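J.: From the sequence below, what's the structure:
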Amino acid sequence: MAVTSIMTTGAEIASKMGANVSAGVTEAMQDAWVLQAESAVNVLARENYSDSVGGLNADVKGIFSDLVSSLVAIQGIMYDMSGYTSRTEAEDMINILRDGILRNMSLLRDKKQQTFINDA
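T.: Numbering: from 1, shown residues only. Presented below is the predicted three-dimensional model:
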């Protein structure tokens, strides 16, 4: 899939959704979820990183990529859990992704990290 994203890649999203993701998850759906996720990240960080992520250090870009791809992957998993070996498997995947999201969100919210992020 050629998902359009400033902060992550379609391959990273697909790997997080897993092999059992519903075939009903379309590229258009993922594009919409990416836009929502990137917008949420910008609001959360109180800065429009969509316009400046290209100029950031690779280490910092990794935080944004992990965060956005995880948010989108959760949407894909929740869309239809019937393809996974069990609902528990799908929920475990969501929980693992959520933990990474919370970690990355705390990094972006921490004002002490803003100088590092913007100057890296």
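
J.: For residue 103, give me its contacts.
T.: Residue 103 sits next to no residue when contact means CB atoms under 8 Å, 6 or more residues apart in numbering. Backbone N, C-alpha and C define where each C-beta goes, glycine included.

J.: Show me which residues of stretch 15-22 are buried.
T.: 16-17, 21-22 (16 or more other CB atoms under 10 Å).

J.: export those residues to JSON lines and tack on distance to residue 102?
T.: Output for the buried residues of stretch 15-22, formatted as JSON lines (distance: CB to CB, whole Å):
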{"residue": "16", "distance to residue 102": "15"}
{"residue": "17", "distance to residue 102": "19"}
{"residue": "21", "distance to residue 102": "22"}
{"residue": "22", "distance to residue 102": "25"}
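
J.: For the residue positioned nearest the centre of the chain, give its distance to residue 23.
T.: Among the residues of the chain, the one closest to the centroid is residue 68, at 2.0 Å (CA atoms, centre = their mean). Computed as CB to CB, to the nearest Å, the residue 68 to residue 23 distance reads 23 Å.

J.: and what of residue 12?
T.: For residue 12 relative to residue 23 (CB to CB), the value is 19 Å.

J.: what do you get for residue 103?
T.: 31 Å.

J.: Report the contact partners of residue 51.
T.: Contacts of residue 51 (CB under 8 Å, 6+ apart): none.

J.: so where does it fall, helix or strand?
T.: helix 49-52 (DSSP states H and E).

J.: and if you look at residue 91?
T.: Applying DSSP H and E, one finds residue 91 within helix 87-109.

J.: Understood, closing this out.
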